[in-house]
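S.K.: fold the stuff below for me.
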Amino acid sequence: MKKTPQPPTYYRKKEYTFGKILGNGTFGEVYECVRRKDKVHVAIKVIRKSLLNGDPTMVNKEINVMRNLHNENIVELYDYFESNDNYYLVFSLATGGELFERISQQGRFSEQDAVSVMRTVFTAVKFLHDHQVVHRDLKPENLLYKDTSADSPLVIADFGIAKTMRGDDDVLTTVCGSYGYVAPEIIRRKGYGKPVDMWSLGIITFTILCGYSPYYFCENAQEMLVVMERHEVNFDKRYWWGISEGAKEFIRALLHPDPQQRLTADQALHHHWLEGHTALDNDLLPDVIEQSKARRTFQRAVHKLRLVNRLRKLSSSSSDPENNDEATHHNEDTIQKPADPSDTNLAARSAAAAANRKSADSSLSHDSFVSAKSEVTP
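M.R.: Residues are numbered from 1 along each chain as shown. Here you go, the predicted structure:
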């Protein structure tokens, strides 16, 4: 039987030496590779065509989003090619670990340190928004250090469900993101835009200051939505006694239920707290580490539910209402409907029992394509 000729770009695969697998995901794997011409280490995301049902839309959209984003604080797409069986996306590789790993390894972590970290993130998000890109899945796991040096750049990764808008008036409608970081207008299917990223940054800012999610106490998604839309933010005095009012004001402004009232990236960068004028220097690290341990315990409990969720998705189908132009991503980072409150509650109870307390982060996100030690390739 005559072999089918490989696509024209296939020859570029020979330019890379494939190494170890960094992680596995719904559509394939990510490998640590070496670019032969200059010995630079890269991450290559291999996407199985057979798992995309012959539709390259998802891959093409990811490439189109990434190809024009060149910023030291954003993962970079170097190259892409394909074979008869796979798509290959070549990204810059980060080896410095996740944001929370770096924080926990420091001798101390203060509000002023948080300002430094978050100012970098907000600046990168402003760059995205200036280029009409909405990330839609901002969370601590997608904030990675490029290397292990003390002054390593922090990069935003995992653009798998990012979207390029046609303009500021464009309205997105696909329900997607990571539970616990998703803005209320996404869950309510009200249509949304760039402000959803600002909501996620509010959750991240809250979390790095105390180690837990502001809505950890909610029993289910419906209760969480009610609390969100009441503009109630839980600043537990046990963990927030040494944190400035400026930080709390900043977070409230990001977690405003009305997207039009929420801070933009530019407004956030000019807020007095993010400019460093009111941040305190108290050591927050002990509480952050304590609560982060509960957060990780919760994530392990949730991980056990993913197989069940995937099986459910195999037995159901959904269409994308977003002008019929956005691929439906069947993974745990794309929420095709509001999170099942019974699943959320089960995971929370399991984590609470294991950690002997209720401080847990409500993140129902897929483990994506790469390990925590490497840059998440979008």
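S.K.: so which helix or strand takes in Lys248?
M.R.: helix 245-254 (DSSP states H and E).
S.K.: just after that helix, pick out the following helix or strand.
M.R.: helix 265-269.
S.K.: buried ones in that next one, by neighbour count?
M.R.: Neighbour-count burial for helix 265-269, counted by 16 or more other Cβ atoms under 10 Å, picks out 265, 268-269. From N, CA and C alone the C-beta is placed, and that goes for glycine too.
S.K.: against which helices or strands is it packed?
M.R.: helix 111-130, helix 195-210, helix 245-254 (3 or more Cβ pairs under 8 Å, 6 or more residues apart in numbering; DSSP states H and E).
S.K.: CA atoms only: put that helix into CSV for me.
M.R.: C-alpha atoms of helix 265-269 as CSV (Å, rounded to 0.1, in the frame of the first residue of the first chain):
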residue,chain,number,x,y,z
ALA,A,265,-5.3,46.6,33.1
ASP,A,266,-4.2,50.2,32.6
GLN,A,267,-6.3,51.5,35.5
ALA,A,268,-4.9,48.7,37.7
LEU,A,269,-1.3,49.7,36.8
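S.K.: contacts for it?
M.R.: 119, 122-123, 125-126, 129, 194, 197-198, 201, 250, 253-254, 274-275 (Cβ atoms under 8 Å, 6 or more residues apart in numbering).
S.K.: can you give me the helices in the protein?
M.R.: Taking DSSP state H, the helices of the chain run over residues 57-66, 99-105, 111-130, 184-187, 195-210, 221-229, 237-240, 245-254, 265-269, 285-314, 341-355.
S.K.: by mean pLDDT, show me the worst of these.
M.R.: When these are compared on mean pLDDT, helix 341-355 scores lowest, with a mean of 33.
S.K.: start and end of stretch 251-265, how far apart?
M.R.: 13 Å (Cα to Cα, to the nearest Å).
S.K.: would you mark the buried spots in it?
M.R.: 251-257, 259, 262-265.
S.K.: do the same with stretch 54-69
M.R.: So for stretch 54-69, counting by 16+ other Cβ under 10 Å, buried means 58-59, 61-63, 65-66, 69.
S.K.: quick one: which of the residues you listed is nearest to Thr4?
M.R.: Val59 (19.2 Å; Cβ to Cβ).
S.K.: number of nearby residues for the closest residue to that closest one other than its chain neighbours?
M.R.: The shortest distance from Val59 to any non-neighbouring residue, by Cβ to Cβ, 6 or more residues apart in numbering, is to Tyr87 (4.9 Å). Residues near Tyr87, counting by other Cβ atoms under 10 Å, number 24.
S.K.: how about Phe100?
M.R.: Phe100: 20 neighbours (other Cβ under 10 Å).
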